[in-house]
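Chemist: need the 3D shape of this:
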Amino acid sequence: MSADKTASSPSRWRGRLAARYRIRKTSFAIAGVAVALGIAACSSASGAGSASTGGSGSSASGGTISLGISVPLSGAVGSSCSPMNRAMLAWFNHVNATGGVDGKKIRVDNRDDGYSAARAVTNTKAFIAEHVLAVTGQCGSLQPPAQVPLLTAAHIPFLFDFGASNAMLHPLSPMYFNLMPTYGDQLAAAIPWVFQHYGKGSVVLMNSVTPDSPTTTKQVKAAVKKAGGTFLAQYNAPPGTADFSPYVLQMKQQHPDYVIIDQIPQDAARLIKEMTAQNFMPTKKIIGSNAVSQQTFLSSVSASVQPKLLLTSDIIAPANAGSTKCDTVLKAANVPITSVTLRGCGTAQVVV
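Modeler: Numbers count the residues shown, from 1 in each chain. Sure thing, here's the model as predicted:
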């Protein structure tokens, strides 16, 4: 699907925050296994050099800009989120090395939350005590609903997590800034396009349970109905589920035309592996958001299954990143160029 078609599609996310707290008209592309457009195409920086990590200092005093990052470096999504975190730190280091931001160096208190809301809250309280200028770099939809109320009360902005949360998109969360369409918005926009190109049909939905799952499910159901399809069933599994065989058996009995996956990439990889083992594939396509359009998932999918995949993405394809500043900075930092690291670098560019 071309960029022009994407921009004119219903993929532009809808207004749920006060206008001054959002970045409007974010668009995304529907693609096959090689994913498409995005934020990592920024070509220049405003600053530079060593994003020192550690945990004290006021927000922008003493020649430093203090940021807090609570991110899963371990746990169910650690293998996906750690590379994004490395890419963000690489960009901040680059900014510091080339003069900083208006002469100020970026200081990052970088903390692991293990994809745990409770640990993210502990980290967030530490950031508030440090008087950081902003919190950024979060990865996942599970933690932000627990973090944002604390940051809102402290008047500290929460910038651009990877896992945009529907729960935060309302005027009561004025400190929550979002770049990415929510997973529900992405899937709801993808469904009519997919039905137009591959035919209407029946749908089952597989969720990794997060605070956003109920809203995403409602959006998917409504989009399927509006586009003339049939919603058959939804399945909800806790993040990190090891055995998807019962879910796949139930899906198989439904004989769906489409399987929609709203999952963390590690769960999606196990789901597809189990679908293959049970000799089950939907008649038409497997549809997923940019949560799974990354190497953690894609590298696990067999060549025979790849033609079934239709995924959304908010970054350019890694193969097309050679003309970007992120490509140069990440290579210099020995960070592989992937969809996740490009998003990390692109997000850090926007933060700067």
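
Chemist: quick check, residue 350 in a helix?
Modeler: Yes. Residue 350: assigned to a helix according to DSSP: H, G, I helix; E, B strand; the rest coil.

Chemist: any idea how many residues pack against it?
Modeler: By the criterion of other Cβ atoms under 10 Å, residue 350 has 14 neighbours. All C-beta atoms are positioned from the backbone trio N, CA, C, and that covers glycine.

Chemist: same thing with residue 97?
Modeler: 16.

Chemist: phi, psi of it?
Modeler: Here is the backbone geometry of residue 97 (degrees, to the nearest 10): phi -70, psi -20.

Chemist: need the strands for the stretch 151-300 of the chain, in chain order.
Modeler: With strands called from DSSP state E, counting those that start in this stretch, the stretch 151-300 of the chain shows them at 158-159, 176-177, 202-208, 230-237, 258-262, 285-288.

Chemist: partners of the fourth one, with directions?
Modeler: On the basis of DSSP bridges, the sheet neighbours of strand 230-237 come out as strand 202-208 (parallel).

Chemist: can you check the second one too?
Modeler: Taking DSSP bridges as the criterion, strand 176-177 forms sheet pairs with strand 158-159 (parallel).

Chemist: out of the strands of the stretch 151-300 of the chain, which one sits most buried?
Modeler: strand 258-262 (a mean of 27; mean count of other Cβ atoms under 10 Å).

Chemist: that one - contacts with which helices or strands?
Modeler: Judged by 3 or more Cβ pairs under 8 Å, 6 or more residues apart in numbering; DSSP states H and E, the packing partners of strand 258-262 are helix 183-198, strand 202-208, helix 213-226, helix 265-277, strand 285-288.

Chemist: apply 6 Å and report the result again.
Modeler: Counting contacts by 3 or more Cβ pairs under 6 Å, 6 or more residues apart in numbering; DSSP states H and E, strand 258-262 packs against strand 202-208, strand 285-288.

Chemist: quick one: which of the ones you listed is nearest residue 157?
Modeler: Closest to residue 157 of these is strand 202-208 (Cβ to Cβ; 27.1 Å).

Chemist: okay, the closest one in PDB with CA atoms only?
Modeler: Taking Å, rounded to 0.1, in the frame of the first residue of the first chain, the C-alpha atoms of strand 202-208 are listed here in PDB:
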ATOM      1  CA  SER A 202     -15.400 -13.600   9.600                       C
ATOM      2  CA  VAL A 203     -12.900 -12.500  12.300                       C
ATOM      3  CA  VAL A 204     -11.500 -13.800  15.600                       C
ATOM      4  CA  LEU A 205      -9.400 -11.600  17.900                       C
ATOM      5  CA  MET A 206      -6.500 -12.800  20.100                       C
ATOM      6  CA  ASN A 207      -5.500 -10.400  22.900                       C
ATOM      7  CA  SER A 208      -2.600 -10.100  25.300                       C
END
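
Chemist: who touches residue 75 in this structure?
Modeler: 114-115 (Cβ atoms under 6 Å, 6 or more residues apart in numbering).
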